[in-house]
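> Pasting a predicted model and its sequence here:
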Amino acid sequence: MPQQLKIVVTPKDAADNELLKAIICNNLQLKNKEITSIKIIKRSTDARKKVKINLTVNVYLEGEEIVKPTLEFKFNNVNLSPEIIIVGAGPAGLFSALRLIELGFKPIIIERGKDINNRKRDIALLCRGKGLNPESNYCFGEGGAGAFSDGKLYTRSNKRGNIDYVLKLLVYHGASEDILIDSQPHIGSDLLPVVISNIRKTIIDCGGEIHFEQRVKNLIIKDGKVTGVKTDSQSNFEGKAVILATGHSASDIYEMFYSNNYLLESKPFALGVRVEHRQEQINEVQYRRSKEIKYLAPATYKLTSQIEGRGVYSFCMCPGGYIVPASTSIDGQVVNGMSTSKRHTAFANSAIIVETRIEDTNMFKQNNELSGLYYQKYLETLARKHGCNNQIAPAQQITDFVNRKFSNRLIESSYLPSIVSSPLHSWLPEGISSRLIEAFKYFDKKMQGFITSEALVVGVETRSSTPVRIPRDKESMMHPQFLGLYPCGEGSGYAGGITSSAIDGIVVAERIAGKLGGHL
């Protein structure tokens, strides 16, 4: 058995195998030649004072077998098994499908967008200002919104499911083993398409099905039980149950529920902007101008505040990344962030969003369950009005935003479709803009230099979470109005990101198997 050692080292020591080995030898009182291998099993950065790297390592001596992560999954042939319909091929949908296969059920995935390769082509056209495809973009298509948002795998959902199981499934399908080691794992938007393609291959090879460019129009209900879905191509898909994993941007699903008097709930959500700095500046601030910055990964930050009774906080921080156009309608302007695996651009961006409650959306109170959705669309339409055609985004220097001034010049941005100067402080609702201004001032005290003429505010960030929840019973996880309908993931209001959505999909699959007699 290897000896396990927890050590704290400098960034330079962590980056140099020989230096690291010398430190381990000193700690274990071993000679260099006695160690045959060192395997890092946990890694984190502590930048609170002097920057340090925390490592947990397995140290192998001669004759000891190197222990590798267990990546064995029992994917059954489910070609003739009972069929479960899954609406949506994002993390919740894909991971529920993989778990159903392990449990002996045949998943049939219905996805409104395109497969990942064709989706990438549409996104490339979008970023070049060649037009938006409402059904194939940064939100819709194979992999869901998470496929192009850096592949961040952080979550607070430890109590809800097995995170290690999710990470190992990703490694099994092509992700780097580093995600099993790092305290803040990420895959990268350049590598995620390969992982997603491999997941699709597993599903199809095992007898499952994936149907692309099929937008669900309604549910098939028989004797109070949901047995399937109808799509806009006049196709019907039926099975033993339906998992609804449509993602946070499928507003037409909420509208379909509302128009048919299916149970919906409004819920709090958050709205705001993207803030973009130079990555070099974030590195210097977060790493306290450490002389060893060159050995460190691009720095991140996490900021929270309470302003006038509402939370204002950073979300989806993308070091070395890009701001991207995340609209799903030509009438609206939405931005999001992403990074590639190397996180190598000169820019760092993050959503800074304000907690929004139902009472904030009272201009749409005639449709209470959907008032948050309409408020979200209202802001997106405003941003489109103050931007330009082809997803050109409204932007403002953060110093001017705080001082409520128009920006006469804009600095360079990572946002490829381009930006145009706009006084966001004047047209964002006062409850959002005033709280953002006060939060920025507070953040500048916590992270000196946050407010700088070399940073931009870009609008708007409205898709951090859904303003609507499709209710479900806590134990059965079924919709309370219908048997056989299982709302799931971020779009149904039960998750917030890749990992928590994947976990939710897995748990729903297990509930279905428990009810229908799968191999739990």
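Nice, I can see it.
> Point out where the chain drops to low pLDDT.
Filtered on pLDDT under 70, the chain yields the residue ranges 155-161, 364-366, 519-520.
> where along the stretch 1-150 of the chain do the helices fall?
For the stretch 1-150 of the chain, helices defined by DSSP state H, counting those that start in this stretch occupy the ranges 11-15, 17-28, 91-102, 116-127.
> For the second one, list every residue counted as buried.
Neighbour counts over helix 17-28 (16 or more other C-beta atoms under 10 Å) mark 20-21, 23-25 as buried. From N, CA and C alone the C-beta is placed, and that goes for glycine too.
> so which pair among these is furthest apart in space?
Between any two of the buried residues of helix 17-28, the greatest separation by C-beta to C-beta is 9.8 Å, found for Leu20 and Cys25.
> just the helices in the protein please.
For the chain, the helices defined by DSSP state H cover 11-15, 17-28, 91-102, 116-127, 163-172, 192-205, 251-259, 279-286, 371-386, 398-402, 424-427, 430-446, 498-516.
> quick one, which of the ones you listed is packed in tightest?
helix 91-102 (a mean of 29; mean count of other C-beta atoms under 10 Å).
> now for that one, which elements pack on it?
Counting contacts by 3 or more C-beta pairs under 8 Å, 6 or more residues apart in numbering; DSSP states H and E, helix 91-102 is packed against strand 83-87, strand 106-110, helix 163-172, helix 192-205, strand 241-244, helix 498-516.
> redo that, cut-off 6 Å
Judged by 3 or more C-beta pairs under 6 Å, 6 or more residues apart in numbering; DSSP states H and E, helix 91-102 is in contact with strand 83-87, strand 106-110, helix 498-516.
> In JSON lines: the helices of the stretch 1-150 of the chain, plus distance to Gly188.
Below are the helices of the stretch 1-150 of the chain laid out as JSON lines (distance: least, C-beta to C-beta, whole Å):
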{"stretch": "helix 11-15", "distance to Gly188": "20"}
{"stretch": "helix 17-28", "distance to Gly188": "24"}
{"stretch": "helix 91-102", "distance to Gly188": "15"}
{"stretch": "helix 116-127", "distance to Gly188": "14"}
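> So which of these is nearest Leu61?
So among these, helix 17-28 is nearest, using C-beta to C-beta, at 9.6 Å.
> if we can go back for a sec, make JSON lines from the helices of the chain and add distance to Leu244 to it.
Formatted as JSON lines, the helices of the chain follow (distance: least, C-beta to C-beta, whole Å):
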{"stretch": "helix 11-15", "distance to Leu244": "44"}
{"stretch": "helix 17-28", "distance to Leu244": "48"}
{"stretch": "helix 91-102", "distance to Leu244": "9"}
{"stretch": "helix 116-127", "distance to Leu244": "21"}
{"stretch": "helix 163-172", "distance to Leu244": "20"}
{"stretch": "helix 192-205", "distance to Leu244": "18"}
{"stretch": "helix 251-259", "distance to Leu244": "7"}
{"stretch": "helix 279-286", "distance to Leu244": "38"}
{"stretch": "helix 371-386", "distance to Leu244": "16"}
{"stretch": "helix 398-402", "distance to Leu244": "39"}
{"stretch": "helix 424-427", "distance to Leu244": "35"}
{"stretch": "helix 430-446", "distance to Leu244": "30"}
{"stretch": "helix 498-516", "distance to Leu244": "9"}
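> Of those, which is nearest Leu303?
Taking those one by one with C-beta to C-beta, helix 430-446 is closest: 4.9 Å.
> Other residues contacting the closest one?
Under the contact criterion C-beta atoms under 6 Å, 6 or more residues apart in numbering, helix 430-446 has outside partners 303, 305, 307-308, 310, 312, 354, 402, 425, 450-451.
> relative to helix 371-386, how tilted is it?
Helix 430-446 runs at 80 degrees relative to helix 371-386, counting by axes from the mean of the first three to the mean of the last three C-alpha atoms, to 10 degrees.
> how does the protein divide up, domain by domain?
3-61, 83-264+470-516, 266-461 (automatic domain parsing).
> Export the contacts of helix 430-446 as TSV, with columns for distance to Val78.
Formatted as TSV, these follow (distance: C-beta to C-beta, whole Å):
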residue	distance to Val78
Leu303	46
Ser305	49
Ile307	51
Glu308	53
Arg310	47
Val312	47
Val354	45
Val402	57
His425	55
Phe450	52
Ile451	55
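> May I see the ChimeraX selection of the buried members of those residues?
For the buried members of the contacts of helix 430-446, the matching ChimeraX selection, counting by 16+ other C-beta under 10 Å, is:
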select :303,305,307,310,312,354,402,425,450,451
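> ok, the contacts of helix 430-446 vs Arg121, which is closest?
Out of the contacts of helix 430-446, the member with the shortest distance to Arg121 (by C-beta to C-beta) is Val354, at 35.2 Å.
> how near is the closest one to Ile307?
Distance of Val354 to Ile307, computed by C-beta to C-beta, to the nearest Å: 8 Å.
> Same check on Tyr378?
22 Å.
> go on, Lys441?
Taken as C-beta to C-beta, the span from Lys441 to Ile307 is 10 Å.
> Pro480 now?
36 Å.
> now do Gly174
42 Å.
> Next: Cys206.
The value you get for Cys206 to Ile307, if C-beta to C-beta is used, is 50 Å.
> next one: Gly491
Taken as C-beta to C-beta, the span from Gly491 to Ile307 is 28 Å.
> Likewise for Ala299?
25 Å.
> cool, and Trp427?
In terms of C-beta to C-beta, Trp427 sits 19 Å off from Ile307.
> And for Asn368?
The value you get for Asn368 to Ile307, if C-beta to C-beta is used, is 26 Å.
> what does Ser492 give?
Counting by C-beta to C-beta, the gap from Ser492 to Ile307 is 29 Å.
> before we move on, what about Leu5?
In terms of C-beta to C-beta, Leu5 sits 45 Å off from Ile307.
> what's the burial count for Ser413?
Counted with other C-beta atoms under 10 Å, residues neighbouring Ser413 total 18.
> now Asn389
10.
> Repeat that for Lys31.
8.
> could you show me where the strands are in the stretch 251-400 of the chain, in order?
Taking DSSP state E, counting those that start in this stretch, the strands of the stretch 251-400 of the chain run over residues 265-266, 269-278, 304-307, 310-318, 321-325, 335-339, 347-356, 393-397.
> Tabulate the ones you listed (JSON lines), appending distance to Ile109.
Formatted as JSON lines, the strands of the stretch 251-400 of the chain follow (distance: least, C-beta to C-beta, whole Å):
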{"stretch": "strand 265-266", "distance to Ile109": "26"}
{"stretch": "strand 269-278", "distance to Ile109": "27"}
{"stretch": "strand 304-307", "distance to Ile109": "36"}
{"stretch": "strand 310-318", "distance to Ile109": "25"}
{"stretch": "strand 321-325", "distance to Ile109": "25"}
{"stretch": "strand 335-339", "distance to Ile109": "23"}
{"stretch": "strand 347-356", "distance to Ile109": "29"}
{"stretch": "strand 393-397", "distance to Ile109": "32"}
